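1. have a look; sequence and predicted model below, questions after that.
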There are 2 protein chains.
Amino acid sequence: MKYCPNCAAVLTIKIPADDSRKRHVCEACGSIHYQNPRNVVGSIPVYGQQVLLCRRAIEPRHGYWTLPAGFMELGESTSHGAARETLEEAGAEVKIGPLYSLLNVPHAEQVHLFYLATMNTPEFSAGEESLEVALFNEADIPWNELAFPTVKQTLEWFFADRAAGNFETGKEFHVRSRDILPSERI
Amino acid sequence: MKYCPNCAAVLTIKIPADDSRKRHVCEACGSIHYQNPRNVVGSIPVYGQQVLLCRRAIEPRHGYWTLPAGFMELGESTSHGAARETLEEAGAEVKIGPLYSLLNVPHAEQVHLFYLATMNTPEFSAGEESLEVALFNEADIPWNELAFPTVKQTLEWFFADRAAGNFETGKEFHVRSRDILPSERI
């Protein structure tokens, strides 16, 4: 960010009055251009004992497997974004359940949120951003070909919680949450 | 957003190739400037039976009461942001617990996240953005002088869950979550 999006003047990086952090400040029009982390919203689409994964047709991590997820858009909620991304990337209409995992990725300036989701029928198709889409049993998850550590961690938590019976009717659970370190990049 | 932050050319609003939404596109340098919702992170600081609230010294909602919260910064996690805002606005060092509520505010292009938090001592002080800070028993919460619907809803859920015994040791709970409508603006 070099130029003011409001007036095109060259921006200064400085700590504004009443602030404690360096910001992009326009000395010409007085505007301050804050930058904030972005949310990546997605789902864990479940059909019976299987989970739906997408193989990425785009960078980063072209060719690797992911849960359907993408950047949250203006004007939508986190759950609507998760349903939208699942439809766009995996061609699957899901019923969104509770928030399951929240993973902070501070070095990427992102927060990843995954919702439990139910597929009523095994209908899906690869969207423009996917090479292929497939349902996996736990034993067949391509652990060494997953795209992101947040997807790996979410699937690990999911199968552990399922084995422990934590998804049984009436049970509640805290959101599974932790911070991802730069060294976990895969 | 009128000018390209990279090259200062006038921006065009159009749907880029391989996209389905209008974006701010620079025809000069080819960059696309996405806009995404921002996270507001905060805490429910609990001392015994009391909850800590701040009276706002800034707009919007100057003079009204809020849970300590503010925009998440680059390079931090949601929970670190919640602890930082609690220290900055309320002068309280808290132990951050599980994520408690996630409220989407699509019309404000925000997601509000509140963490349960514990105060070991009743030490607090008004930061620059607060007129005063005080501990409240449930019976004394200034319901008609709260700053935001997300704060009101979070406090309502909190006291209902506490009355139901849902915070007792070993119990887990889903994140309390819903979307806030424009008509709920207070």
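-> Happy to help now that I have it.
2. alpha carbons only for contacts and neighbour counts from here, please
-> Will do.
3. what bridges to the spatially most central residue of chain A?
-> Closest residue to the average C-alpha location of chain A: residue A:40 at 3.2 Å, with CA atoms, centre = their mean. Beta bridges link residue A:40 to residue A:71, residue A:112, judged by DSSP bridges.
4. ok, now the one 10 residues further on?
-> Legend: beta-bridge partners of residue A:50 under DSSP bridges are residue A:47.
5. pull the contacting residues for it.
-> By CA atoms under 8 Å, 6 or more residues apart in numbering or on different chains, the contact list for residue A:50 reads A:135-138.
6. how about the residue nearest to the centre of chain A, what does it touch?
-> Counting by CA under 8 Å, 6+ apart, residue A:40 touches A:69-72, A:110-113.
7. filter the contacts of residue A:50 to the buried ones?
-> Using 16 or more other CA atoms under 10 Å in any protein chain shown as the burial test, those include A:135-136 as buried.
8. of the contacts of residue A:50, which is the nearest to chain B?
-> Ranked by distance to chain B (CA to the nearest CA), the contacts of residue A:50 are led by residue A:138 at 24.2 Å.
9. wait, the closest one sits on residue A:162?
-> No. Taking contacts as CA atoms under 8 Å, residue A:138 lies outside contact range of residue A:162: 10.6 Å.
10. just the buried positions in the helix or strand harbouring residue A:84, please.
-> Using DSSP states H and E, residue A:84 maps to helix A:78-90. Neighbour-count burial for helix A:78-90 flags A:78-90 (criterion: 16+ other CA under 10 Å).
11. which one of the residues you listed is nearest residue B:53?
-> Set against residue B:53, the nearest of the buried residues of helix A:78-90 by CA to CA is residue A:78 (26.7 Å).
12. and the furthest pair within the contacts of residue A:40?
-> A:69 and A:110 (12.5 Å).
13. which other residues reach stretch A:147-160?
-> For stretch A:147-160, contacts defined as CA under 8 Å, 6+ apart pick out A:61, A:64-67, A:101, A:103, A:112, A:114, A:138, A:143, A:146, A:176, A:180, A:184-186.
14. how far away is the most far-flung residue of chain A relative to its centre from residue A:126?
-> Most distant from the centre of chain A: residue A:28, at 37.3 Å, with distances by CA atoms, centre = their mean. As judged by CA to CA, to the nearest Å, residue A:28 and residue A:126 stand 48 Å apart.
15. that older thread, let me have the buried residues of helix A:78-90 in a markdown table, extended by pLDDT and distance to chain B.
-> Supplementary listing: the buried residues of helix A:78-90 in a markdown table, determined by pLDDT from 0 to 100; distance: CA to the nearest CA, whole Å:
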| residue | pLDDT | distance to chain B |
| --- | --- | --- |
| A:78 | 98 | 7 |
| A:79 | 98 | 9 |
| A:80 | 98 | 10 |
| A:81 | 98 | 11 |
| A:82 | 98 | 13 |
| A:83 | 98 | 15 |
| A:84 | 98 | 12 |
| A:85 | 98 | 12 |
| A:86 | 98 | 15 |
| A:87 | 98 | 13 |
| A:88 | 97 | 10 |
| A:89 | 98 | 13 |
| A:90 | 98 | 16 |
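16. can you give me the strands in chain A?
-> Chain-ordered strands for chain A, with DSSP state E as the definition, fall at A:12-14, A:23-25, A:32-33, A:38-47, A:50-56, A:65-66, A:69-71, A:95-105, A:110-118, A:130-136, A:176-179.
17. partner strands of the third one, with direction?
-> Strand partners for strand A:32-33, identified by DSSP bridges, are recorded as strand A:23-25 (antiparallel).
18. what pLDDT, on average, does the strand it pairs with get?
-> In this model, strand A:23-25 has a mean pLDDT of 97.
19. now do stretch A:142-150
-> The pLDDT scores in stretch A:142-150 average 98.
20. same thing with stretch A:115-135?
-> On average, the pLDDT along stretch A:115-135 is 97.
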